[in-house]
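# Task: produce atomic coordinates for the following.
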Amino acid sequence: MKKQIDPRILRTRKLIMDAFIELSMKKDFKDITIKDITTAATVNRATFYSHFIDKYDLLEKVLSESFMREVIQEVGAHEVINEETIKSIFLSIIKFLTSISNQCQRSYEAFTPQIETIFKMELQAFFSELAQKQWANQNKTEVEAFSVMLSWALYGAAMHWVQNQKTQPEDYVKQLMPFIKNRINMDKESVNLI
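Below is the predicted model of the structure:
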């Protein structure tokens, strides 16, 4: 039986995370102090440190728990890796990156390395889980390599789109699909990297 977490702990953690998000909209990340966060969250330093190691740990948790949850929920409805799944995930990444860059303009560049790391890790885990179900007879090492390549490729393509925005994201991903499909034969029996 899974142990229930005290609702007060969850509320306090959310207060701290929400305060950090609000501060990120107003200040550069480098200028946000623990005192700023604790004051905005109406908690003391000891309470902050009982939840997070430092502001970098807080940033990582905010990105992975709050923002990434939205993306994972959107893509979690997919049960197989196919063209529709890839398009949906690409558009979810674009939506997330656009949203966070608009909300936290002042700190977005500071967040970018953590966002990239978390995205790649979460997408790799997502693709790995789907691929292992979809291609159960495939070598685990090949499935992992496939998951890494697809997660990094989608994140890289999304970043490229965000930085250039010459077409609509739907048109951009449509242009990518023949390339992806030519490099990866996605059938029901196996995944073949060409």
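# List of residues touching whichever strand or helix holds T12?
In this assignment (DSSP states H and E), T12 forms part of helix 7-26. Residues outside helix 7-26 that contact it (Cβ atoms under 8 Å, 6 or more residues apart in numbering): 32, 36-38, 40-43, 47-48, 51-52, 55, 58-59, 61-62, 65-66, 103-107, 111. For the C-beta atoms, the positions are set from N, CA and C on the backbone; glycine is no exception.
# Equivalent analysis for stretch 144-158, please.
Residues from elsewhere that reach stretch 144-158, judged by Cβ under 8 Å, 6+ apart: 81, 86, 89-90, 93-94, 97, 116, 119-120, 123-128, 131, 172-173, 176, 180, 184, 191, 193.
# Give the buried residues for the helix holding T12.
By 16 or more other Cβ atoms under 10 Å, the buried positions in helix 7-26 come out as T12, R13, L15, I16, M17, A19, F20, I21, L23, S24.
# again, but for stretch 145-155
Buried residues in stretch 145-155, counting neighbours by 16+ other Cβ under 10 Å, are found at F146, S147, L150, S151, A153, L154, Y155.
# and those residues as TSV, adding secondary structure?
Formatted as TSV, these follow (DSSP: H, G, I helix; E, B strand; the rest coil):
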residue	secondary structure
F146	helix
S147	helix
L150	helix
S151	helix
A153	helix
L154	helix
Y155	helix
